[in-house]
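> The following comprises the amino acid sequence and a computationally predicted model.
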Amino acid sequence: MKILMVCLGNICRSPLAEGIMKAKLPDNCTVDSAGTISMHEGEHPDKRAIKTAAHHDIDISKQRSRPITRIDFETFDKIYCMDIDVLGDVVSKTKNEEERQKVSLFLEVLGDHKNAEVPDPYWGDMKDFEMVFQLLDKGCTAIRNQISK
């Protein structure tokens, strides 16, 4: 299974989701993250995201931001988007229905959160990052359970 997590700048939500998902899946699964914009390309995740992940024994400090590319639609089996705007941007880059079927809103995996968005903690504080971590952790557990079936 190859999974891509996508948010806007690839410095807060999707790096956290990548780190959490990697910690939950076996090594033969591939997990990566990307953003819909290239503004932070090459940068490490936000320091608050790194600190929040480290608090949960997950190291995301070596990740680097990158924008989503055409090859991602060929490479990944599932592409999870953190919010509606990101979903719209990612879907607009698909070239056919097969690629479109790979793309979904991250929290839809929880069932009772249909169309719910993972809030962007960028403008918040450490509490916001922790709250986002907890949401992502629940979603990643649900994804792991789906894969394990």
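Arrived safely. Residues are numbered from 1 along each chain as shown.

> Regarding the protein, what is its longest helix?
In the chain, with assignment by DSSP state H, the single longest helix is helix 126-148.

> For it, buried residues please.
128-130, 132-133, 135-137, 139-140, 142-144, 147 (16 or more other C-beta atoms under 10 Å). Backbone N, C-alpha and C define where each C-beta goes, glycine included.

> what is the mean pLDDT for that helix?
Across helix 126-148, pLDDT averages out at 96.

> Give me the contact list for that helix.
Under the contact criterion C-beta atoms under 8 Å, 6 or more residues apart in numbering, helix 126-148 has outside partners 1, 3, 12-13, 16-17, 20-21, 24-25, 29, 48-49, 51-53, 55-56, 78, 80, 106-107, 109-111, 118-119, 121.

> now do stretch 32-39
Contacts for stretch 32-39 (C-beta under 8 Å, 6+ apart): 2-11, 14-15, 17-18, 63, 65-69, 72, 76, 86, 89-90.

> Narrow the residues you listed to just the buried residues.
3-11, 14-15, 17-18, 63, 65-68, 72, 76, 86, 89-90.

> Helix, strand, or coil at residue 3?
Following DSSP: H, G, I helix; E, B strand; the rest coil, residue 3 is assigned to strand.

> all helices for the chain, in order.
Under DSSP H, the chain gives helices at 13-24, 47-55, 70-75, 84-92, 97-100, 126-148.

> would you turn those into TSV with distance to residue 40?
Converted to TSV, the helices of the chain look like this (distance: least, C-beta to C-beta, whole Å):
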stretch	distance to residue 40
helix 13-24	10
helix 47-55	12
helix 70-75	17
helix 84-92	14
helix 97-100	25
helix 126-148	16
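
> show me the contacts for residue 11.
35, 40, 43-46, 49, 65, 122.

> same thing but at 10 Å, please
33, 35, 39-40, 43-50, 63-65, 122 (C-beta atoms under 10 Å, 6 or more residues apart in numbering).

> In ChimeraX, how would I select just the buried ones from these?
One line in ChimeraX is enough to select the buried ones among these; burial here means 16+ other C-beta under 10 Å:
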select :33,35,40,44,45,46,48,49,50,63,65,122
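
> Mind exporting the C-alpha coordinates of the longest helix of the chain to CSV?
Provided in CSV are the C-alpha atoms of helix 126-148 (Å, rounded to 0.1, in the frame of the first residue of the first chain):
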residue,chain,number,x,y,z
MET,A,126,0.7,24.2,20.7
LYS,A,127,-2.8,23.2,21.8
ASP,A,128,-4.0,23.4,18.2
PHE,A,129,-1.1,21.2,17.1
GLU,A,130,-1.9,18.6,19.7
MET,A,131,-5.6,18.7,18.8
VAL,A,132,-4.7,18.1,15.1
PHE,A,133,-2.3,15.3,16.1
GLN,A,134,-5.2,13.6,18.0
LEU,A,135,-7.5,13.9,14.9
LEU,A,136,-4.8,12.6,12.6
ASP,A,137,-4.0,9.7,15.0
LYS,A,138,-7.7,8.6,15.0
GLY,A,139,-7.8,8.8,11.2
CYS,A,140,-4.5,7.0,10.7
THR,A,141,-5.7,4.2,13.0
ALA,A,142,-8.9,3.8,10.9
ILE,A,143,-6.8,3.7,7.7
ARG,A,144,-4.5,1.0,9.3
ASN,A,145,-7.6,-1.0,10.3
GLN,A,146,-9.0,-0.8,6.7
ILE,A,147,-5.7,-1.9,5.2
SER,A,148,-5.5,-4.8,7.7
